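1. Pasting the sequence and the predicted model now:
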Amino acid sequence: MTTMIMKNSKTQLKLAALLLGAVSFQSSADVILHAFNWRYDDVAIKAQEIASLGYKKVLVSPAYKSTGDAWWSRYQPQDLRVIDNPLGDTNDFKAMVQALKAQGVETYADIVFNHMANEQWKRADLNYPGSEVLADYAADINYYNDITLFGDVKDGLFGAGDFHGTYDQGGPKCISNYNDVGDVQYNRLCGAAPDPGLPDLDPNNWVITQQKAYLNALKQIGVTGFRVDAAKHMTNYHINAVFDADIKKDTHVFGEIITTGGSGNGDYDNFLVPYLAQTGHSAYDFPLFAQIRGAFSFGGSMSQLVDPAAFGQALAGNKAITFSVTHDIPLNDGFRYQIMDATDEKLANAYVLGRDGGVPLVYSDNNESGDNRWNNLYRREDIKGMLKFHNATQGSSMQVLSHNSCILLFKREHKGVVGINKCGTGQDIWVDTQADNLWWHRNYQDTLSNDVQNISSQWHKFYLPARKARMWLME
């Protein structure tokens, strides 16, 4: 859920088992850079750098009509027919897509289809984009016609009949029970009373038609992937009606359904499993993230990361978007408890980018949270090394060589070896290189340091320093 509201059963278990098989995503596991809240022209300027670092896709913030400088304003759409917000306009967006494409990098768009902007504070009606915005359009109609994606901006887009809980039905309702599927998917995301919340769109024929027109317009520009924001708050009927076969053709779609665990967790069982089964889309791998946090926590064990999917604690590799942090975690007070220790997060990145399974997402912001942790992270030296290892070993199978409470050591066929030590003392790990098919008389260079391992005998000792990761890549 990416919106800051104010200013701020047996059958199911069988289904889960089918969804959570350890399937390799193979060549489609290209790393996504989440250029969170970046201006479109900044992304365009950095296109060559982004490509040279090894990113293959860039996810940008929601592109439509929205106002306000705060990051959360981008998640409060006023109009889908034009791109016009502080990050740029339609022409800036098109230029960015072309700049990335010229470097072999795809553009993914963040999509908000559950609701429209919370504007009750300035007007009581549910007409969008509203008379004020329509007046702005009329005052500069040539410009707005030039940046129109679809439709006619002389008229409104949505009215009262396009929302759940309109006043003639007794008024809108805020979500009161986040464990109740109907409550979550039919009522509003609200802040503290008396906030009326975000107007919740009804998936009637008109709404579906307009949302599909928007997606088609973005695809015509060159967008090849869509992140579905707040997918937990949309019915799967709504999602499937919009993302039909034509929309999904040659397109990667993944949803954001936040859970605090995998199999056995309420959000997982009630929302994420049905979403994956009924839409066929991918999703953020919050079950794996919970497992990562548990493994790195005090008293946790790195053995938890050997094969989490086997225990329903990770999504199937071909359905997973993997990560060590998403923008919701540092930017929303309710999720900040999930921020990992800075060193643990670096080690988690080595796991996410070193393992086989899932599409890794790297989050990089402009310090919107004030933590100064993820500003320009996309080009940090350790991330560069991890990208190099990931791209060189992508599509190669994974085998765990050793594990205990402190360390995890695994290989990607003969191409590379990843070692992670979360504890405060270094550890030696002896590996049977003959049985494990590591090549002899070849240098394995760590992409994160100057360490080089030259394997020349059956038994080889890998040393893992305290609180460090190694990603040895065969030269």
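-> Received it, and whenever you're ready, just let me know what you need. Only a predicted model underlies this, so the values are computations on that prediction, with no experimental measurement involved.

2. Report the contact partners of N179.
-> The neighbours of N179, taking Cβ atoms under 8 Å, 6 or more residues apart in numbering as the test, are 266, 270. C-beta coordinates here come from the backbone N, C-alpha and C atoms, glycine included.

3. Endpoints of stretch 359-372, how far apart?
-> Start and end residues of stretch 359-372 are separated by 25 Å (Cα to Cα, to the nearest Å).

4. I misspoke; the intended subject was stretch 286-304.
-> 15 Å.

5. ok, now stretch 135-144?
-> One end of stretch 135-144 to the other measures 11 Å (Cα to Cα).

6. Pop the domain breakdown of the protein in here.
-> Per the record's domain assignment (automatic domain parsing), the chain is made up of the domains 10-393, 398-474.

7. So what touches stretch 120-137?
-> With contact meaning Cβ under 8 Å, 6+ apart, stretch 120-137 is reached by 65, 78-79, 116-117, 119, 144, 153-160, 162-163, 166, 196, 199.

8. Tell me the buried residues in that stretch?
-> Buried positions in stretch 120-137, judged by neighbour count with 16 or more other Cβ atoms under 10 Å: 120, 126-130, 133-134, 136-137.

9. Check which element follows the lowest-mean-pLDDT helix or strand in the chain along the chain.
-> Each helix and strand of the chain was given a mean pLDDT (mean pLDDT, DSSP states H and E); the minimum falls on helix 10-19 at a mean of 40. Downstream of helix 10-19, the first helix or strand assigned by DSSP states H and E is strand 32-35.

10. what helices or strands is that next one leaning on?
-> Contact analysis of strand 32-35 by 3 or more Cβ pairs under 8 Å, 6 or more residues apart in numbering; DSSP states H and E lists strand 57-60, strand 359-364 as its packing neighbours.

11. try it again with 10 Å
-> helix 40-45, helix 47-53, strand 57-60, strand 106-111, strand 223-228, strand 320-322, strand 359-364 (3 or more Cβ pairs under 10 Å, 6 or more residues apart in numbering; DSSP states H and E).

12. Check those for me and report the most buried one.
-> Mean neighbour counts were taken over these using mean count of other Cβ atoms under 10 Å, and the top value, a mean of 26, falls to strand 320-322.

13. Parallel or antiparallel, list what pairs with that one.
-> Strand 320-322 has the following strand partners under DSSP bridges: strand 282-284 (parallel), strand 359-364 (parallel).

14. Strand 106-111 and the last one, what's the angle between them?
-> Put simply, strand 359-364 runs at 80 degrees to strand 106-111, going by axes from the mean of the first three to the mean of the last three Cα atoms, to 10 degrees.

15. Following strand 359-364 in sequence, what is the next regular element?
-> Using DSSP H and E, the helix or strand that directly follows strand 359-364 along the chain is helix 381-393.

16. Over to the first one?
-> Remark: after strand 282-284, the chain's next helix or strand is helix 286-296, criterion DSSP H and E.

17. what helices or strands is that following helix leaning on?
-> Judged by 3+ Cβ pairs under 10 Å, 6+ apart, helix 286-296 is in contact with strand 320-322, helix 342-354.

18. The longest one relative to helix 286-296, how many degrees between them?
-> In this structure, helix 342-354 runs at an angle of 130 degrees to helix 286-296, with the same axes, to 10 degrees as the basis.

19. Report the angle between helix 342-354 and helix 381-393.
-> Here helix 342-354 points in a direction 20 degrees away from that of helix 381-393 (the same axes, to 10 degrees).

20. Redo the buried residues of stretch 120-137 as TSV? Include distance to R355 and secondary structure.
-> Supplementary listing: the buried residues of stretch 120-137 in TSV, determined by distance: Cβ to Cβ, whole Å; DSSP: H, G, I helix; E, B strand; the rest coil:
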residue	distance to R355	secondary structure
Q120	46	coil
L126	46	coil
N127	49	coil
Y128	43	strand
P129	44	coil
G130	47	coil
V133	46	helix
L134	50	helix
D136	49	helix
Y137	49	helix
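
21. would you turn these into CSV with pLDDT?
-> Shown next, in CSV, are the buried residues of stretch 120-137 (pLDDT from 0 to 100):
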residue, pLDDT
Q120, 88
L126, 93
N127, 96
Y128, 98
P129, 98
G130, 97
V133, 98
L134, 98
D136, 98
Y137, 98
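
22. Distance to I383 for the residues you listed - can I get that in TSV?
-> Listed next are the buried residues of stretch 120-137 as TSV, based on distance: Cβ to Cβ, whole Å:
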residue	distance to I383
Q120	42
L126	44
N127	45
Y128	39
P129	39
G130	42
V133	40
L134	44
D136	41
Y137	42
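
23. Quick check: the farthest pair among the residues you listed?
-> With Cβ to Cβ as the measure, no two of the buried residues of stretch 120-137 lie farther apart than Q120 and Y137, at 21.9 Å.

24. Helices of the stretch 51-200 of the chain, residue ranges please.
-> Taking DSSP state H, counting those that start in this stretch as the criterion, the stretch 51-200 of the chain contains helices spanning 90-102, 131-139, 141-146, 181-186.

25. got it, and the stretch 201-350 of the chain?
-> Using DSSP H, counting those that start in this stretch, helices in the stretch 201-350 of the chain cover 205-221, 236-242, 245-248, 266-267, 273-279, 286-296, 328-331, 342-354.

26. what's the closest of these to H34?
-> The closest of the helices of the stretch 201-350 of the chain to H34 is helix 328-331. By Cβ to Cβ, the value is 11.3 Å.

27. Let me see the mean pLDDT of that closest one.
-> For helix 328-331, mean pLDDT rounds to 97.

28. Dump the C-alpha coordinates for it into CSV.
-> This file holds the C-alpha atoms of helix 328-331, laid out as CSV (Å, rounded to 0.1, in the frame of the first residue of the first chain):
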residue,chain,number,x,y,z
ASP,A,328,6.5,1.7,1.9
ILE,A,329,8.8,0.5,4.6
PRO,A,330,10.8,3.7,5.4
LEU,A,331,8.1,6.1,4.3
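
29. residues in contact with it?
-> The list of residues contacting helix 328-331 from outside it, by Cβ atoms under 10 Å, 6 or more residues apart in numbering, reads 1-4, 36-37, 71-72, 229, 256, 258, 284, 289, 323, 334-340, 363, 365, 367-371, 373-374.
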